[in-house]
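Chemist: this is a predicted model, with the sequence first.
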Amino acid sequence: MSKVLVAYFSASGVTANVAKELAKADGGDLFEIRPETLYTEADLDWRNKQSRSSVEMADLNCRPKTVGEVENMKDYDTVFVGFPIWWGREPSVVDTFLDAYDFTGKNIVPFCTSGGSDIGKTADRIRSIVGNAKVDNGKRLGGEVSEEDLKLWTEGLSL
């Protein structure tokens, strides 16, 4: 039987709520990707080019420190990776998570939360980070998504 992990980063709680519903719908374990230093409202001000998130996202090699780790990552076959979409891609703190593990032979399914921005080419970027894993193109999910809709989505994945 396939073992599923739902790993997520959430700055405002929206992605956390979706991740919890997804784990419930798919029977997966939850793991929160937590930055060592939490983001403040000022850090998240995308209009300020000097804000922490703006500076991090401008540097594709930025890897903010995180706390916690997934125990027994080797046991998971499928890893859903959730995040708010920032500057058309996954936040740099998610890249830190992706760099931390060997995903060889695993299925990675990205999902983002956004009021309107699409997931874009995030899957291509994730593929470049994780190497020998099968990376699905992923999906943008709104903040309100039902367990039934999530089940339909995950059942339709070709993993």
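Modeler: Received it, and whenever you're ready, just let me know what you need.

Chemist: tell me which residues touch residue 23, please.
Modeler: Residues near residue 23 by C-beta atoms under 8 Å, 6 or more residues apart in numbering: 4, 6, 29-30. All C-beta atoms are positioned from the backbone trio N, CA, C, and that covers glycine.

Chemist: and the next helix or strand past the helix or strand containing it?
Modeler: Element membership for residue 23 (DSSP states H and E) is helix 14-26. Using DSSP H and E, the next helix or strand after helix 14-26 towards the C-terminus is strand 29-32.

Chemist: can you list the strands that the helix or strand just after that next one pairs with?
Modeler: Next helix or strand after strand 29-32 toward the C-terminus (DSSP H and E): strand 34-35. Applying DSSP bridges to the sheet, strand 34-35 is found paired with strand 66-67 (antiparallel).

Chemist: low-confidence stretches in the chain?
Modeler: 1, 143, 159 (pLDDT under 70).

Chemist: strands of that one, start to end?
Modeler: 4-8, 29-32, 34-35, 66-67, 78-84, 107-113, 134-135, 139-141 (DSSP state E).
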